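Visitor: I need the structure of the sequence given here:
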Amino acid sequence: MSKIIDQAVIAADNDKLAADLKADYAVLGEQLSRRGIAIDDIKAQASAFAVALPSWGVGTGGTRFARFAGKGEPRNVFDKVQDCGVIHQLVTITPTVSPHLPWDKATDYQELRQHAAAFGLNFDCVNSNTFQDQKGQEHSYKFGSLSHADAATRQQAVDHNIECIEIGKALGAKALTVWVGDGSNFPGQQHFARAFDRYLDSNRKIYAALPDDWQMFLEHKMFEPAFYSTVLQDWGSSYLAATQLGEKAKCLVDLGHHAPNVNIEMIVARLAAFGRLAGFHFNDSKYGDDDLDSGSINPYQLFLIFNELVDAAERKLAGFKPEYMLDQSHNVTDPIESLMNSAVEVQRAYAQALLVDRMALAGYQDGNDALQATRTLKQAYLTDVSPILAMARLERGGAIDPVAAYRASGYRARVAAERPAVASSGGGIV
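Guide: You can find the predicted model right below:
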């Protein structure tokens, strides 16, 4: 596997931190042992955890008002994959890339697949784009795509999704994520029932084109770009659509696609219980679909979501095999640093959830002891698992402190000299 960052740079940075890490790991191990938890078991599970990188996330994002270009931004999908390779080399838990089409179109997908493999990367879910018009397309998506009143526009959107499946097959992907911006901004603008029927009819055509071993992930969003209504506005609509389409259709949960204060962890529990949880787009938000770094605003919510996921895994729920992907795009940080930080924060929430005393929790729940139940969760959440995550990275050849090693490598300055500034990197808030 090709190493983009000089391994000697990582080793030199690790050497400065290794002694303190080993001491911290030993102390935490003693603390966990008193709770009946073997730290090496938690480390093994945390080390095996994986989350996919969004191809668009390595470019500088933007706000709804402006975009400020960053230095050394990727010029094409090959550059994006290289940047993803840097992230994986340092954090060791991001072995897959989720491409977005047509932003990530290439002339030779076998070459792209080999390029990714050289960095130890594969492709997972392909993401279609019918929420914006592309150069040269015949029909506009201004008033919708898969649910558009015009049959030709709907067919154009269907054809694009089927093309995404074909590209995904060439890349070795196994799923298609479908999010649409369809909806309305004024009361009466759209007939709710007819729009949903058209959405289902279009998706049936896409579903029919799926290979036998593929899945179709339906992504709901409460608002934006349509603010009065959206065609697939909540998890209930997503669940209804998935059950209408078939067993290969499941519901994707984006943490930024809900109303403020919605109990997302309960949505996760419901979808998991009925075998329809596709997976996640992880990010964080203060107001809406902010696409902020995971864990930057509400890390406790992230932990509570993983508490449900670990519980579902331990109960061996049928059809439970969620896919995890980061989905963020902002403009005030180095995107590589933010993605590394988010990957670690998602892994942190998973490791913390593994520490929950589930037997004790069940007893408190059945005994209606609300205080002790919530204290049981808080005990796990308040445990600093940083030594576990850092030790897992060290043992896999990654960086104890990924951001510090990345900065020491000079990678951003190097690619800035190689890549001319671009006005746009083909990314956005999705």
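Visitor: by contact count, what packs against the helix or strand residue 377 falls within?
Guide: Element membership for residue 377 (DSSP states H and E) is helix 370-381. On a contact count with 3 or more Cβ pairs under 8 Å, 6 or more residues apart in numbering; DSSP states H and E, helix 370-381 meets helix 299-314, helix 335-354, helix 358-366. For every residue, glycine as well, the C-beta is placed using N, CA and C.
Visitor: so which of those helices is the most packed in?
Guide: Comparing these by mean neighbour count (mean count of other Cβ atoms under 10 Å), helix 335-354 ranks first with a mean of 24.
Visitor: and the angle from that one to helix 299-314?
Guide: On the basis of axes from the mean of the first three to the mean of the last three Cα atoms, to 10 degrees, helix 335-354 is oriented at 60 degrees to helix 299-314.
Visitor: now the angle between helix 370-381 and helix 335-354, please.
Guide: On the basis of the same axes, to 10 degrees, helix 335-354 is oriented at 130 degrees to helix 370-381.
Visitor: Would you map the strands across this protein?
Guide: 53-54, 96-98, 122-123, 125-127, 175-178, 183-184, 215-219, 229-230, 249-254, 277-282, 323-326 (DSSP state E).
Visitor: Make JSON lines out of the helices and strands packed on helix 370-381 and add mean pLDDT.
Guide: Listed next are these as JSON lines, based on pLDDT from 0 to 100:
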{"stretch": "helix 299-314", "mean pLDDT": "98"}
{"stretch": "helix 335-354", "mean pLDDT": "98"}
{"stretch": "helix 358-366", "mean pLDDT": "98"}
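Visitor: which of the strands of the chain sits most buried?
Guide: Mean neighbour count (mean count of other Cβ under 10 Å) peaks for strand 53-54 among the strands of the chain, with a mean of 29.
Visitor: Which secondary structure elements does that one sit against?
Guide: Counting by 3+ Cβ pairs under 8 Å, 6+ apart, strand 53-54 packs on helix 77-91, strand 96-98, strand 323-326.
Visitor: now those in JSON lines, with distance to residue 47 and mean pLDDT?
Guide: Formatted as JSON lines, the helices and strands packed on strand 53-54 follow (distance: least, Cβ to Cβ, whole Å; pLDDT from 0 to 100):
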{"stretch": "helix 77-91", "distance to residue 47": "11", "mean pLDDT": "98"}
{"stretch": "strand 96-98", "distance to residue 47": "16", "mean pLDDT": "98"}
{"stretch": "strand 323-326", "distance to residue 47": "15", "mean pLDDT": "98"}
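Visitor: For the ones you listed, please prepare CSV with the additional fields distance to residue 20.
Guide: As requested, the helices and strands packed on strand 53-54 are exported to CSV (distance: least, Cβ to Cβ, whole Å):
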stretch, distance to residue 20
helix 77-91, 19
strand 96-98, 32
strand 323-326, 28
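Visitor: quick one: which of those is nearest residue 213?
Guide: Proximity to residue 213 (Cβ to Cβ) singles out strand 323-326 among the helices and strands packed on strand 53-54, at 13.9 Å.
Visitor: That closest one: how far from the chain's middle?
Guide: Its chain's average C-alpha position is 3 Å from that of strand 323-326, according to Cα atoms, centre = their mean, to the nearest Å.
Visitor: So which residues make contact with it?
Guide: Contacts to strand 323-326, defined as Cβ atoms under 8 Å, 6 or more residues apart in numbering, come from residues 50-54, 57, 98, 124-125, 175, 217, 278-283, 294, 339, 342-343, 346.
Visitor: Report the mean confidence score over stretch 149-169.
Guide: Across stretch 149-169, pLDDT averages out at 98.
Visitor: mind saving the C-alpha coords of it as PDB?
Guide: Taking C-alpha atoms only, stretch 149-169 is exported to PDB below (Å, rounded to 0.1, in the frame of the first residue of the first chain):
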ATOM      1  CA  ALA A 149     -44.900  16.700 -12.600                       C
ATOM      2  CA  ASP A 150     -43.300  16.200 -16.000                       C
ATOM      3  CA  ALA A 151     -42.700  12.600 -17.000                       C
ATOM      4  CA  ALA A 152     -39.600  13.400 -19.100                       C
ATOM      5  CA  THR A 153     -37.900  15.200 -16.200                       C
ATOM      6  CA  ARG A 154     -38.600  12.200 -13.900                       C
ATOM      7  CA  GLN A 155     -37.200   9.800 -16.500                       C
ATOM      8  CA  GLN A 156     -34.000  11.900 -16.700                       C
ATOM      9  CA  ALA A 157     -33.600  11.700 -12.900                       C
ATOM     10  CA  VAL A 158     -34.200   7.900 -13.100                       C
ATOM     11  CA  ASP A 159     -31.700   7.500 -15.900                       C
ATOM     12  CA  HIS A 160     -29.100   9.400 -13.800                       C
ATOM     13  CA  ASN A 161     -29.600   7.100 -10.900                       C
ATOM     14  CA  ILE A 162     -29.300   4.000 -13.100                       C
ATOM     15  CA  GLU A 163     -26.100   5.400 -14.500                       C
ATOM     16  CA  CYS A 164     -24.800   5.800 -10.900                       C
ATOM     17  CA  ILE A 165     -25.500   2.100 -10.300                       C
ATOM     18  CA  GLU A 166     -23.500   1.200 -13.400                       C
ATOM     19  CA  ILE A 167     -20.600   3.400 -12.300                       C
ATOM     20  CA  GLY A 168     -20.900   2.000  -8.800                       C
ATOM     21  CA  LYS A 169     -20.600  -1.600 -10.100                       C
END
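Visitor: Residues in contact with that stretch: which ones?
Guide: The contact list for stretch 149-169, computed with Cβ under 8 Å, 6+ apart, reads 99, 101-102, 105, 109, 123, 125-130, 137-141, 143-148, 174-176, 178, 180, 198, 201-202, 205-206, 209-211, 214.
Visitor: same check, this time on stretch 107-126
Guide: Stretch 107-126 is contacted by residues 1-2, 4, 52, 77-78, 81-82, 84-85, 88-89, 95-101, 106, 164-165, 167-168, 170-177, 217, 323, 325 when judged by Cβ under 8 Å, 6+ apart.
Visitor: what do you get for stretch 313-320?
Guide: Here stretch 313-320 has contacts from 272, 273, 275, 276, 277, 312, 358, using Cβ under 8 Å, 6+ apart.
Visitor: Just the pLDDT for the third one.
Guide: Turning to residue 275, the model gives it a pLDDT of 97.
Visitor: From residue 162, how far out is it?
Guide: Note on residue 275: its distance to residue 162, by Cβ to Cβ, to the nearest Å, is 26 Å.
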